[in-house]
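**Q** Just a sequence and a predicted model for now, questions to come.
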Amino acid sequence: MTTILSTYYRWSAYLGHADGLLPLIARAIFAAVFLAYFWVSALTKLGDGLFGLFTPSAGAYAQIFPRAMEAAGYDPSQLNLFHTLIVLAGTWAEFTLPALIVIGLLTRFAALGMIGFVVVQTLTDLYGHGAIAEPATVGAWFDKVPDALILDQRALWVFLLLVPMVKGAGALSVDRLLVRNAPSAHPVSPQQGQKHHQAP
């Protein structure tokens, strides 16, 4: 029994020192599962031509403001500047935030932004597109069914994003490279700070 416990604690200590691997794995899984998903979704929101990034498609408004578009007869020109700005922000976020997570740049900020995006996406699905009236789509926790679109899947999405938000980018990231090369990468201890302050 002592040998088993010793082996367990040795492996625990080893895994504790490999802390940078967890966010790296989370980012790799995010890239494999979600990068193309969000980018394809963002592409459907672009308008025609060279300036499509600044002129959202009608489908973009229908995805983000389904009820407002229905009330406007699916004519985006009937909506106001607020709707356009929100659609543009959502489209740009779908391009930039996943890319930042994958390369590991401003990772905590990007992961937090993606969590916010998933929350807004979920609320839109529930109340804008009417998923709230579909119990099988909404699902329930602790019900022995792990594949409901909203409560089950979106909870796992958020957890995957919480790892880099809390732990940072981990190994093999632009953040790690920038921190290593930053002049203030090594924090000054209180004693060093006092000595520096007292120096003439």
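**A** Perfect, I can see it now. Numbers count the residues shown, from 1 in each chain.
**Q** so who does the residue most central in space within the chain touch?
**A** Nearest residue to the geometric centre of the chain (CA atoms, centre = their mean): residue 114, 2.7 Å. Applying CB atoms under 8 Å, 6 or more residues apart in numbering to residue 114 gives the contacts 97, 98, 101, 161. No exception for glycine: its C-beta is placed from N, CA and C like everyone else's.
**Q** at 10 Å instead, please
**A** Shown in contact with residue 114 (CB atoms under 10 Å, 6 or more residues apart in numbering): 30, 34, 38, 93-94, 97-98, 100-101, 121, 157-158, 160-161, 164-165.
**Q** From those residues, which land in strands?
**A** Using DSSP state E, no member of the contacts of residue 114 falls within strands.
**Q** Sitting in helices, which of those do you find?
**A** 30, 38, 93-94, 97-98, 100-101, 121, 157-158, 160-161, 164-165 (DSSP state H).
**Q** just to revisit the earlier point, out of the contacts of residue 114, grab the one that's most surrounded.
**A** Using other CB atoms under 10 Å as the neighbour criterion, residue 101 leads these with 31 neighbours.
**Q** Could you report the distance from that one to residue 150?
**A** 22 Å (CB to CB, to the nearest Å).
**Q** And for residue 130?
**A** 12 Å.
**Q** cool, residue 51 as well?
**A** In terms of CB to CB, residue 51 sits 35 Å off from residue 150.
**Q** With residue 80 instead?
**A** Distance from residue 80 to residue 150, by CB to CB: 29 Å.
**Q** higher neighbour count, these two?
**A** residue 150 (18 against 8).
**Q** residues touching that one, list them.
**A** 122, 125, 126, 131, 132, 134, 136, 137, 138, 139, 140.
**Q** Please apply the same query to residue 139.
**A** Here residue 139 is in contact with 145, 146, 147, 148, 149, 150, 151, 152, 153, 154, 155 (CB under 10 Å, 6+ apart).
**Q** Switch those residues over to a markdown table; also include distance to residue 110, pLDDT and secondary structure.
**A** Listed next are the contacts of residue 139 as a markdown table, based on distance: CB to CB, whole Å; pLDDT from 0 to 100; DSSP: H, G, I helix; E, B strand; the rest coil:
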| residue | distance to residue 110 | pLDDT | secondary structure |
| --- | --- | --- | --- |
| 145 | 32 | 91 | coil |
| 146 | 27 | 93 | coil |
| 147 | 27 | 92 | coil |
| 148 | 27 | 95 | coil |
| 149 | 24 | 94 | helix |
| 150 | 23 | 96 | helix |
| 151 | 24 | 95 | helix |
| 152 | 24 | 96 | helix |
| 153 | 21 | 96 | helix |
| 154 | 18 | 97 | helix |
| 155 | 20 | 97 | helix |
